[in-house]
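I would like the atomic coordinates for the input below:
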Amino acid sequence: MSRTTSACPVTLDPATSATAPGANNEALSDSLAEHIKAAEFPCVGAKAALSQGGLRCVTLGRLGDRANDALLLDALEGFAAELDQLDGEDLTLHSLAAVFDGPGDTDEQRFEALLWSQLQRLHALDVRRGQGWSPDVGRDPDAPDFSLSLAGHPFFVIGLHSGASRIARRLPNPAMVFNSHSQFDRLRADGRYARMQKAIRQRDTELQGSINPNLADFGTAPETRQYSGRAVEKDWRCPFHAMQPTRKK
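Residues are numbered from 1 along each chain as shown. This is a model prediction of the structure:
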């Protein structure tokens, strides 16, 4: 394991062999850490995860490369297992970030297509491994109760890339941050979620001049509209399709 500065540690997952030859794994994770540490970055949850040592990072090859699939799902399986073993009193915020070594010139439409293609392939591999869908969330990506299930755990995904219209989501290299919905439930239960949400929306408005038009509370609108960061059309339909496992794990 390697880490960035001790003040803001990022655990670099050992599964880094998918990174393109010549790429600097630590530079990719450091770029994400510096983005989050920036004073104007609005997500106080990400800042907390970073400062508490709860941000795990896996660096991979170009987004769209199928060689990423098994490594990323392996990392998510390990992350989900760690989340399941957490002490109920643990107040640390945990996230897993996948940072890709390109492409660095995506516009919003291209990034959205690459993101959903990657998530669909992860799901297909999850199914081939015999993993079922999390019973805590729905399977219809256009329904308000949907969350992405991988390794049997429900995740909310945040995409970042260089061509994002939302300033908070602009990163030189494409990235996906996987946040646990089980963690969101704990934050709601102890009152931290509402406080964090209010702070994030206020800070994002100060940074951008407007609130993200796709934002919605869980259960009121499909969360898939938020994953890529693009302001999707009113009639937008998510391209993701949930499959049935071929065998029981």
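
Every contact and neighbour count from this point should use C-alpha atoms.
Noted.

Could I get the full set of strands for the chain?
In the chain, the segments counted as strands under DSSP state E are 11-12, 55-60, 95-100, 148-150, 153-160, 175-180.

Can I get the ones you listed in TSV including distance to Ser29, mean pLDDT and mean neighbour count?
Formatted as TSV, the strands of the chain follow (distance: least, C-alpha to C-alpha, whole Å; pLDDT from 0 to 100; neighbours: other C-alpha atoms under 10 Å):
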stretch	distance to Ser29	mean pLDDT	mean neighbour count
strand 11-12	7	55	22
strand 55-60	6	94	27
strand 95-100	7	96	25
strand 148-150	22	97	25
strand 153-160	13	96	23
strand 175-180	10	96	22
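
Show me which parts of the top helix by length along the chain are buried, residue by residue.
Selection of the longest helix in the chain by residue count, based on DSSP state H, yields helix 108-128. Within helix 108-128, the residues that count as buried by 16 or more other C-alpha atoms under 10 Å are 108, 111-112, 114-128.

Repeat that for stretch 56-74.
56-64, 68-73.

Distance check, Asp145 against Ala221.
The gap separating Asp145 from Ala221 is 8 Å, by C-alpha to C-alpha, to the nearest Å.

go on, Phe178?
Distance from Phe178 to Ala221, by C-alpha to C-alpha: 19 Å.

Widest-spaced pair of the buried residues of stretch 56-74?
Farthest-apart pair in those is Arg56 and Gly64; separation 21.2 Å (C-alpha to C-alpha).

mind listing the helices for this structure?
Assigned by DSSP H, the helices in the chain fall at 25-37, 44-51, 68-84, 108-128, 181-189, 192-208.

quick one: contacts of the fifth one?
What it means is helix 181-189. Under the contact criterion C-alpha atoms under 8 Å, 6 or more residues apart in numbering, helix 181-189 has outside partners Leu93, His94, Ser147, Pro154, Phe155, Phe156, Tyr193, Ala194.

Kindly reformat these as CSV containing distance to Asp185.
Conversion of these to CSV gives the following (distance: C-alpha to C-alpha, whole Å):
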residue, distance to Asp185
Leu93, 12
His94, 13
Ser147, 13
Pro154, 11
Phe155, 12
Phe156, 12
Tyr193, 8
Ala194, 11
